[in-house]
Every structure is written in C-alpha cells, then in structure tokens.
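Enquirer: got a predicted structure plus its sequence, pasted below:
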Amino acid sequence: MKTHTLRFGSSVPGARYEDGLWQLSWSGVGVMGILNVTPDSFSDGGAYRDLPAVLARAHELQAAGALMLDVGGESTRPGAQAVSAREELARILPVIAALREVGSAVISVDTMKSSVAREALAAGAHLVNDVSGLRDPAMLGVCAQASAPAVIMHMQGEPRTMQHQPHYGDVAREVFGFLQHRAEEALAAGVPSVILDPGIGFGKTLEHNLTLLRELRRLTVSGHPVLVGASRKRLIDFLAGVPHPRDRDPGSLALHLHAASTGAALVRVHDVAAHVQGLKVWEVLNGSPSIDQ
Ligand SMILES: Nc1nc2ncc(COP(=O)(O)OP(=O)(O)O)nc2c(=O)[nH]1
C-alpha cells in the first residue's frame, strides 16, 4: 500500500519533525471528514446549528477514524450564492478555535478566500482546501507565509453557474494539466505540500466526472497526493437513481473505492465510519502492509 506524506511548517497531530518540517505520513487512503458549518450545504446544511452540535459531530468523525476534518463555512454546491468573508469567518472561527482547544485531528479550512484562509490558519487550521484552485491571487502567499499545505481543486467557472454548460476539449488533459501547473506554482512559491483534486461535480457533466475518475491514475502518478470528493454528489443519482443526497453513502463509497484503486491518497466524505470500514476491507484484498490480527 502506498505511503503518502504532507509537510507542514507547524506541528500537527500525528506528525514527526524532520528536515525542519512536520511530516504527516499515512499508508493507503486517508479519510477527510466533512464538517460543514453552513445553513445550506447540499446534503447536511443546517444539521449542526450550534457549537456543541458541531463539536459533537467533529468528535463523531474523529472517533470513526477521520485523518482530517474539513471545516467549511460556505456552500459550493451548484447554484450556491456567495457568502461574505465576514459571514464565513463568523461561522468557522469559533469552530476551529474550539477544535484546537479539545485537541482535534488535523484541521483543513474549506475556503476560496485568502482573507478567510489567513484568519483560519491563525486560529489553528493546519491546511487550506481551496475548491477554486488557488484562484484568489493572495492565496498562494497566505499558504506559503503560514507554511501550510494546500488542497488545489479544479473548478470550471463559479459555483453559482458552473453547471450551466461545462465544456472541455479533453477533460482529463485540461484538468490534470491545470492541477500539475498550479502545483508547480504553489511549491515554487513556498507552499510546503500540495494535494490535487479533480473537482468532481465542479463544472463537469456526468461524462466529464466519469472520465476524470476513469483516468485518475494519470494524476496519481504525478507523485502529489490526490484527493477525491464524490461524497453524496449528483452523479450518484444519475448512475443509481438516488434522488436524496443523504441516501447516497453506498454509492459514495463505491466511487471512493475506485479512487483508492487508482492510488488516491485521500477521500473527502460525510460518512467516515462506512469509508473507514470499506477501505480497511478493500486494502486487505489489495495488499495492505499489515492486517490487525
Ligand atoms: N477538495 C474538495 N473540497 C470540496 N468542498 C466542498 C464540496 C462540496 O461538498 P459539500 O461540502 O458536502 O457541500 P457544500 O459545498 O454544499 O457545503 N466538494 C469538495 C470536493 O469535491 N473536493
């Protein structure tokens, strides 16, 4: 089973200090638990209304085996209206501070705004998850300055309109080429590590999403850890006729096991327990280095 490593400028849970950086390594596929603190996220918006409920959810995700928690204060579902930096910060800063207080897992902040990323990192987030692929001109500098890894995700257009008419000449070549290019720019700017994400459902048709998943090995061989976030997304309804997002966890796991078979390093999920269980079984059948006797 492949071992993946992320380098951080500051210490993170489970990391070792080596060559002047904190190195977090894991084998097989790590699970990033989704912690949305929004009123309108497509599958769990408003589910965690107050801080105790959010912290209880965080504990549940961590107890289920999440390697990281992804804290998001703005829905990026198709058609979502943008949220101000002020509103986004009001939602996520108390959560990040409280998670650090209780000693949580590694914390990523899911934001497209450099101003939000800067404050979230200062409040204790360990890395940035940017669905816009570091589009904000200041985002690279914020991550480099904080010596924080960045998840670079591909999105065509904006959440509000990205699904109107997504179009590519060669979707795999264009998406993977974009990610490789942004990775080089980020590392050259001093970002200690990058994670690449094809952006399932972000300005893609069903066919585009399927092609990216089928061709994903072309990205995982890049050497950068690859993250896939297909959890509860619309393509599962298209493929298996599941209209309600909360009913799509089995399909989510199937998509993420496929991602694991291509060498993905992380999956971003709502149902952490099901994914930890499914990946454990999958990894034994596909050559995990150790089996708990
Ligand atoms: N890196 C990465 N980040 C992401 N953030 C949000 C969503 C959308 O899912 P969710 O957070 O559940 O919904 P919403 O954006 O409505 O809060 N998907 C991804 C993804 O695929 N990859």
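Expert: Thanks, I have the structure now. Residues are numbered from 1 along each chain as shown.
Enquirer: number of nearby residues for the residue in the chain that the ligand sits nearest to?
Expert: In the chain, the residue found nearest to the ligand is Gly229; the distance is 2.4 Å by C-beta to the nearest ligand atom. All C-beta atoms are positioned from the backbone trio N, CA, C, and that covers glycine. Gly229: 28 surrounding residues under other C-beta atoms under 10 Å.
Enquirer: identify the residues contacting it.
Expert: By C-beta atoms under 8 Å, 6 or more residues apart in numbering, the contact set of Gly229 is 32, 153, 197, 200, 267-269.
Enquirer: what do you get if the cut-off is 7 Å, keeping everything else the same?
Expert: 197, 200, 268 (C-beta atoms under 7 Å, 6 or more residues apart in numbering).
Enquirer: so the first one bridges to which residues?
Expert: So that's Asp197. Met153 (DSSP bridges).
Enquirer: ok, it - contacts?
Expert: Per C-beta under 7 Å, 6+ apart, neighbours of Asp197: 151-153, 226-229.
Enquirer: go on, the last one?
Expert: Residues in contact with Arg268 (C-beta under 7 Å, 6+ apart) are 32, 34, 70, 227, 229, 231.
Enquirer: got the residues of this protein near the ligand?
Expert: Taking C-beta under 6 Å from any ligand atom, the part of the chain that reaches the ligand is made up of 34, 36, 38, 41-43, 72, 75-77, 110, 129, 131, 151, 153, 197, 200, 227, 229, 268.
Enquirer: now, those residues that are in strands?
Expert: 34, 36, 72, 110, 129, 151, 153, 197, 227, 268 (DSSP state E).
Enquirer: want to throw these into CSV with pLDDT and distance to Arg91?
Expert: What follows is those, written out as CSV (pLDDT from 0 to 100; distance: C-beta to C-beta, whole Å):
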residue, pLDDT, distance to Arg91
Ile34, 97, 14
Asn36, 92, 9
Gly72, 96, 9
Asp110, 98, 11
Asn129, 98, 15
Val151, 98, 19
Met153, 98, 20
Asp197, 98, 22
Leu227, 98, 22
Arg268, 98, 19
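Enquirer: related to what we said a few turns ago, would you turn the contacts of Asp197 into CSV with distance to Ala259?
Expert: Putting those into CSV (distance: C-beta to C-beta, whole Å) gives the following:
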residue, distance to Ala259
Val151, 15
Ile152, 17
Met153, 14
Val226, 8
Leu227, 9
Val228, 4
Gly229, 10
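Enquirer: and which of those is nearest His4?
Expert: Val226 (9.1 Å; C-beta to C-beta).
Enquirer: how about Leu227: which residues does it bridge to?
Expert: Leu266.
Enquirer: tell me the contacts of it?
Expert: 32, 151, 195, 197, 265-266, 268.
Enquirer: now do Ala64
Expert: Contacts of Ala64 by C-beta under 7 Å, 6+ apart are 272-273, 276.
Enquirer: who wins for neighbours among these?
Expert: Going by other C-beta under 10 Å, Val272 tops the contacts of Ala64 with 23 neighbours.
Enquirer: quick check: the nearest residue to that residue once chain neighbours are set aside vs Leu89, distance?
Expert: Counting by C-beta to C-beta, 6 or more residues apart in numbering, Val272 lies nearest to Ala64, which is 4.0 Å off, once chain neighbours are set aside. From Ala64 over to Leu89 the distance is 28 Å, taken as C-beta to C-beta, to the nearest Å.
Enquirer: wait, doesn't Leu127 sit right on Ala148?
Expert: Yes: counting by C-beta atoms under 7 Å, Leu127 touches Ala148, with 5.1 Å between them.
Enquirer: neighbour-wise, which of these two wins?
Expert: Leu127 (29 against 25).
Enquirer: next, count neighbours for the closest residue to that one other than its chain neighbours.
Expert: The shortest distance from Leu127 to any non-neighbouring residue, by C-beta to C-beta, 6+ apart, is to Pro149 (4.3 Å). Counted by other C-beta under 10 Å, the residues lying close to Pro149 total 26.
Enquirer: ok, Pro149 - contacts?
Expert: 6-8, 127, 191-195.
Enquirer: shaky segments in the stretch 101-250 of the chain?
Expert: Within the stretch 101-250 of the chain, no range satisfies pLDDT under 70.
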